[in-house]
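Participant: show me the folded form of this:
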Amino acid sequence: MRARVAWLVGALLAGLTGAAWGEDADRDYLRTLERFEQGRGVSLERVFDAGRAAARELSGAGPGARMPASEVPRGLGIRLGEESLLVGPDPRFFLDLARRRGTAVDEAFFTLLRDTYHADGVTRRYTVPRSDVSVCHVFDHPDLESLYRNWTRFWATHPRAYSDVVDREVKALEDMVAQSTCACGDRESVEAGLERFLKSFPRSPVERQVRARLERLRAGTSDFRFRCPTG
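Facilitator: Numbers count the residues shown, from 1 in each chain. Below you'll find the model as predicted:
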């Protein structure tokens, strides 16, 4: 693993100029962040959107990846895989900004984001990376119900705030319990997680799907892969 990471970073340093490492991609983000910190009328949501755009541009795979980890702009986190560099907004950084200069809505949103993601801004806490591009799901994660409850509550209370990200996180949780077949744990842990979800959210839009797959799981006819392998 370390050898392949060293190869990746070495290839980047040898083959790319500073401009190719994402200077164009992060310029808008850093300029917008500076304006926000100086109190020049920029919303934190605008800063976050610019950070997300920069993160997408700076992420890459193999020797063609855009930049080495050491050049990631402040406020963005990284997940360095065997042959990839994934970049995302660091939720702790943005929560600090929200507490210092943002609104109550900003603080509520970034508190939720911090509770959902690790510092890399890429990996959700209820998942475990299995490869550069795939994860397994922890169906009995202790925070799963509170995350779903709080994201859907934020969705209902602040429908126009950070709406695309809120939609994405609600959908990710619903897709996990209703569709994901890659389970980090064993059959018992998946059964316990699905049971808890149904008990907590009997009126969820995915209730019927979750109940049906729980029945298949108990009957031994589900398509779950337990202790899911890579890929």
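
Participant: C-alpha from now on. contacts and neighbour counts both.
Facilitator: Noted.

Participant: can you count the residues close to the nearest residue to Gly51 once chain neighbours are set aside?
Facilitator: The shortest distance from Gly51 to any non-neighbouring residue, by CA to CA, 6 or more residues apart in numbering, is to Tyr29 (5.3 Å). Tyr29 has 23 neighbouring residues, counting by other CA atoms under 10 Å.

Participant: same deal with Met176?
Facilitator: Neighbours of Met176 (other CA under 10 Å): 19.

Participant: what does Arg31 give?
Facilitator: 12.

Participant: list the contacts of it.
Facilitator: Arg31 makes contact with no residue, according to CA atoms under 8 Å, 6 or more residues apart in numbering.

Participant: list the contacts of Leu95.
Facilitator: With CA under 8 Å, 6+ apart, Leu95 has these contacts: Asp106, Glu107, Phe110, Thr111, Arg114.

Participant: ditto for His137
Facilitator: Tyr126, Thr127, Val128, Met176, Ser180, Cys182, Ala183, Cys184.

Participant: among those, which lie within strands?
Facilitator: The members of those that map onto strands under DSSP state E are Thr127, Val128.

Participant: buried subset of the contacts of His137?
Facilitator: Among the contacts of His137, the ones that count as buried by 16 or more other CA atoms under 10 Å are Tyr126, Thr127, Met176, Ser180, Cys182, Ala183, Cys184.

Participant: about what we covered before: just the buried members of the contacts of Leu95?
Facilitator: Asp106, Glu107, Phe110, Thr111, Arg114.

Participant: can you redo the residues you listed as JSON lines with pLDDT?
Facilitator: Output for the buried ones among the contacts of Leu95, formatted as JSON lines (pLDDT from 0 to 100):
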{"residue": "Asp106", "pLDDT": "98"}
{"residue": "Glu107", "pLDDT": "98"}
{"residue": "Phe110", "pLDDT": "98"}
{"residue": "Thr111", "pLDDT": "98"}
{"residue": "Arg114", "pLDDT": "98"}
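
Participant: in TSV: the contacts of His137, plus distance to Asp140 and pLDDT.
Facilitator: Listed next are the contacts of His137 as TSV, based on distance: CA to CA, whole Å; pLDDT from 0 to 100:
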residue	distance to Asp140	pLDDT
Tyr126	9	97
Thr127	11	97
Val128	13	94
Met176	11	98
Ser180	13	97
Cys182	13	96
Ala183	10	97
Cys184	10	96
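
Participant: closest to Thr152 among the contacts of His137?
Facilitator: Distances from Thr152 to the contacts of His137, taken as CA to CA, are shortest for Met176 (15.1 Å).

Participant: what's near enough to touch that closest one?
Facilitator: Counting by CA under 8 Å, 6+ apart, Met176 has contacts His137.

Participant: ok, it to Arg101 distance?
Facilitator: Applying CA to CA, to the nearest Å, the value for Met176 to Arg101 is 34 Å.

Participant: kindly report the same for Leu86.
Facilitator: 28 Å.
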